[in-house]
Structures are given as structure tokens and as C-alpha cells.
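Enquirer: okay, here's the prediction I keep looking at, along with the sequence it came from:
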Amino acid sequence: MRNILTQTLSVCATVGVLTFVTGCETTDRGSAQSSAQPPPAAATPPATSSVAPAPAATESVVRIKAGASAPFTDSSGNVWLPDQGFDGGDVIERDASTAIANTKDAALYLSEHYGMSSFSRSVPNGKYIAKLHFAETFEGVTDAGGRVFSFNVQGHEFKDFDVFVKAGGSNRAYIETVPVEVTNGKFTITFTSNVENPEINAIEIVPRS
């Protein structure tokens with residue numbers, strides 16, 4: 001009877017061990033399967049900027065209102081810098097009510113630099129159109145020959161220049177246009193007096209192709 005009981009307990013113990021081991025293997029397999037991950041999604045390439053590079057800056061026009069103490073904006077919206085770049089001489093501003101013929105911008109001709117020996121401005125080398133603005137507004141000049149001077153614009157010489165004659169009388173605008181080339185980084189005008197002082201009202205330096 002004792003032997004039968006012992007064998008029975010041994011068999012139950014063995015069955016219990018087998019059941020425990022079998023259960024562990026099933027659980028391990030389930031854990032392994034549940035931890036499996038789907039294949040990673042393809043990486044998204046970094047965004048690239050669609051902004052086009054800014055174009056190279058173009059050289060701006062130089063505009064100077066001789067004799068002026070403040071910037072001036074003309075009827076076309078162009079801004080003129082106040083008086084600068086002159087060697088010697090003096091400046092004057094005329095009465096704002098003075099009428100100037102042959103122009104939409106009378107105020108441009110109501111200030112001037114006079115008695116100077118030169119004007120210079122640093123600019124990149126290249127070709128330009130120089131526009132020199134004149135008007136005879138001095139009450140002491142009432143006829144031809146009242147003011148005569150010479151000037152040289154980048155090697156282009158103008159001898160015995162008479163603003164009164166060129167403009168056709170007093171208080172009349174006249175523009176002298178000169179094509180020039182700058183090779184040393186500086187635009188220059190020299191002035192020489194003959195009768196009375198040389199004078200000028202405004203200067204434009206416009207790049208050209």
C-alpha cells in the first residue's frame with residue numbers, strides 16, 4: 001500500500017512539473033511574438049528652401065542738390081542728397097517763390113554751390129552719364145558774359161561756359177549731359193573761373209551699360 005501511494009505522488013509531481021514547464025514555454029513564445037515591431041517607415045527627406053537667391057544689387061544713381069542743407073525729393077520721387085563733395089567755394093539758397101522755366105522741379109535750381117575748384121565722388125569703375133544742372137539765378141548777372149567759367153568732367157573739357165547763354169536767359173534750367181568713364185574709382189569735375197564765380201545747382205551720376 002505504501003509503494004502504491006509513493007508511486008502515485010511521484011507521478012503527480014512529474015505531471016505538475018511538465019505542466020509548469022509547458023506553460024512557461026507557451027508564455028515565452030507569446031511574449032516574443034507580441035514584441036515584434038512593424039518595419040520602420042521610410043525617413044522623410046529634409047525640406048529644402050524654395051526661396052530663390054536675391055539678385056545682385058545694382059549700382060544706384062548718385063544725385064546731389066548743390067547748396068542744399070537737406071535731402072530733396074523731386075516730382076518723380078527721386079531723392080537728392082544735400083550739398084557734398086565740393087572743394088572750396090560757398091553755398092546759397094534762393095527765395096522759394098522764384099520761378100524757374102524749363103523744368104518741373106524749380107526747387108532743384110534754387111540752391112547752388114559757387115566759387116568751388118572741384119567736385120569729386122567715389123564710385124565703382126565703369127561707364128556713366130553725368131548730368132550737370134545749371135540756372136542763372138544771381139541778380140548781378142543780367143546778360144551774356146556776366147558769368148563765364150570752364151570745367152572739366154572726367155577729361156571732357158567745357159571752355160568759356162556761360163549759363164545765361166546756354167539756358168537762354170536768367171531763371172531758366174539747363175542740363176549739360178556728358179558720357180564719361182571712371183577707371184580710378186572716382187568721378188571728378190574741376191572748375192576754373194573766368195568772369196565771376198563758377199556755379200552749379202545739381203549733379204547726377206547715372207550708370208550706363
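Expert: Received the coordinates, thanks.
Enquirer: mean pLDDT per helix and strand in this protein: which one sits at the bottom?
Expert: Here the helix or strand of the chain ranked lowest by mean pLDDT, DSSP states H and E is helix 2-34, holding a mean of 37.
Enquirer: can you pull out the low-pLDDT segments for this protein?
Expert: Residue ranges of the chain with pLDDT under 70: 1-59.
Enquirer: got the residue ranges for the helices in it?
Expert: Assigned by DSSP state H, the helices in the chain fall at 2-34, 163-167.
Enquirer: show me what contacts the closest residue to residue 194 other than its chain neighbours?
Expert: Nearest residue to residue 194, sequence neighbours excluded (CB to CB, 6 or more residues apart in numbering): residue 148, at 4.3 Å. Every residue, glycine included, has its C-beta placed from N, CA and C. Each residue near residue 148 by CB atoms under 8 Å, 6 or more residues apart in numbering is listed here: 160-162, 194-196.
Enquirer: make it 6 Å
Expert: Applying CB atoms under 6 Å, 6 or more residues apart in numbering, we find residue 148 in contact with 160, 162, 194-195.
Enquirer: closest one of those to residue 180?
Expert: Nearest to residue 180, judged by CB to CB, of the contacts of residue 148 is residue 160 at 20.7 Å.
Enquirer: quick check: the closest one vs residue 61, distance?
Expert: Distance of residue 160 to residue 61, computed by CB to CB, to the nearest Å: 30 Å.
Enquirer: tell me where this protein has strands.
Expert: Remark: strands assigned in the chain by DSSP state E are 62-65, 72-73, 79-80, 86-87, 90-93, 111-114, 118-122, 126-134, 148-153, 156-161, 174-182, 186-195, 199-200, 202-207.
Enquirer: ok, residue 145 to residue 173 distance?
Expert: Where residue 173 is concerned, residue 145 sits at a distance of 20 Å (CB to CB).
Enquirer: which one's more surrounded, these two?
Expert: A side-by-side neighbour count of residue 145 and residue 173, using other CB atoms under 10 Å, places residue 173 first with 19 against 13.
Enquirer: for the residue nearest to that one when sequence neighbours are not counted, give me phi and psi.
Expert: Excluding its sequence neighbours, the residue lying closest to residue 173 (CB to CB, 6+ apart) is residue 103, at 3.9 Å. Dihedral angles of residue 103 (phi, psi; degrees, to the nearest 10) stand at phi -160, psi 150.
Enquirer: what is the burial count for residue 103?
Expert: 17.
Enquirer: go on, residue 189?
Expert: Residues lying near residue 189 (other CB under 10 Å) number 25.
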